[in-house]
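Novice: Have a look; sequence and predicted model below, questions after that.
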Amino acid sequence: MRLLSITVSLALLAACNQQTTTEAPAPVSEAQPEAETLSVELMQATETGPGASVGTVQIRGGGEGAVFDLNLTGLPPGTHGFHVHANADCGPAPESGRITPAGAAGGHWDPGNTGRHAGPTGDGHLGDLPRIEVGQDGRAMLSVTAPRIDDITQLRGHALMIHSGGDNYSDEPAPLGGGGDRIACGVID
């Protein structure tokens, strides 16, 4: 009997000394959704339609607005107007009796119907983007930010355009900032 009580005591003691561990389930790793990026190939704007590729523009959301990362070559050196245009079409279109390269893209994107050209920080066309600078080698490898565009998905269904010449973000002394011809265009989809 004593042997039985010692055995039972030892069994109870062993049971009391065992630590009860409950293994926590492994944390569920939820994959963070990747931030959306839109990729646009820009093509030369010609009277017969889109020409050769001049490179790409990656558009991503940023804390200060939409960021446009340009990787372009084969452009004329200097300052150029850069805009989002209303239509997702880079084809030529007749205008004032002549064919306008990338004319099918329509005018600057203006969802608020402001009818004003006021630059990327102004209260005019939402499609007014910062000017870009092309080096003497014809390359534009830079990033510009459009502070008023906070949701890049709203850019889908429009065109991205580069104009010859600069842009003063005013309709004076010339309409649409005095920018020149449409020289490169890409559809944002």
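Specialist: Received the coordinates, thanks.
Novice: For the chain, just list every one of the helices.
Specialist: Counting by DSSP state H, one finds helices in the chain at the ranges 2-17.
Novice: any idea which residue sits dead centre in this protein?
Specialist: A centroid search over the chain (C-alpha atoms, centre = their mean) returns residue 59, at 1.7 Å, as the residue closest to the centre.
Novice: show me the contacts for residue 61.
Specialist: Taking C-beta atoms under 8 Å, 6 or more residues apart in numbering, we find residue 61 in contact with 35-36, 67, 150-152. For the C-beta atoms, the positions are set from N, CA and C on the backbone; glycine is no exception.
Novice: Okay, and which of those residues map to strands?
Specialist: residue 67 (DSSP state E).
Novice: Which one of the contacts of residue 61 is nearest to residue 184?
Specialist: residue 67 (19.0 Å; C-beta to C-beta).
Novice: ok, so of the contacts of residue 61, who is nearest residue 55?
Specialist: Nearest to residue 55 among the contacts of residue 61 is residue 67, at 16.3 Å by C-beta to C-beta.
Novice: so what's residue 151 closest to, chain neighbours aside?
Specialist: Spatial nearest neighbour of residue 151, excluding adjacent residues (C-beta to C-beta, 6 or more residues apart in numbering): residue 61 at 7.5 Å.
Novice: Tell me, what's the model's pLDDT at that neighbour?
Specialist: In this model, residue 61 is scored at 94, pLDDT.
Novice: Check the gap between it and residue 110 for me.
Specialist: As judged by C-beta to C-beta, to the nearest Å, residue 61 and residue 110 stand 21 Å apart.
Novice: which residue ranges form the strands in this protein?
Specialist: Using DSSP E, strands in the chain cover 37-46, 49-62, 65-72, 78-85, 93-95, 98-100, 132-134, 140-146, 158-163, 182-188.
Novice: Next, the buried residues of the longest one.
Specialist: Using 16 or more other C-beta atoms under 10 Å as the burial criterion, the residues of strand 49-62 that qualify are 50-51, 54-55, 57, 59, 61-62.
Novice: try stretch 65-85
Specialist: Under 16+ other C-beta under 10 Å, the buried positions of stretch 65-85 are 65-68, 70, 72, 74-75, 80-85.
Novice: Same question for stretch 90-108.
Specialist: For stretch 90-108, by 16+ other C-beta under 10 Å, it's 90, 92, 100-106, 108.
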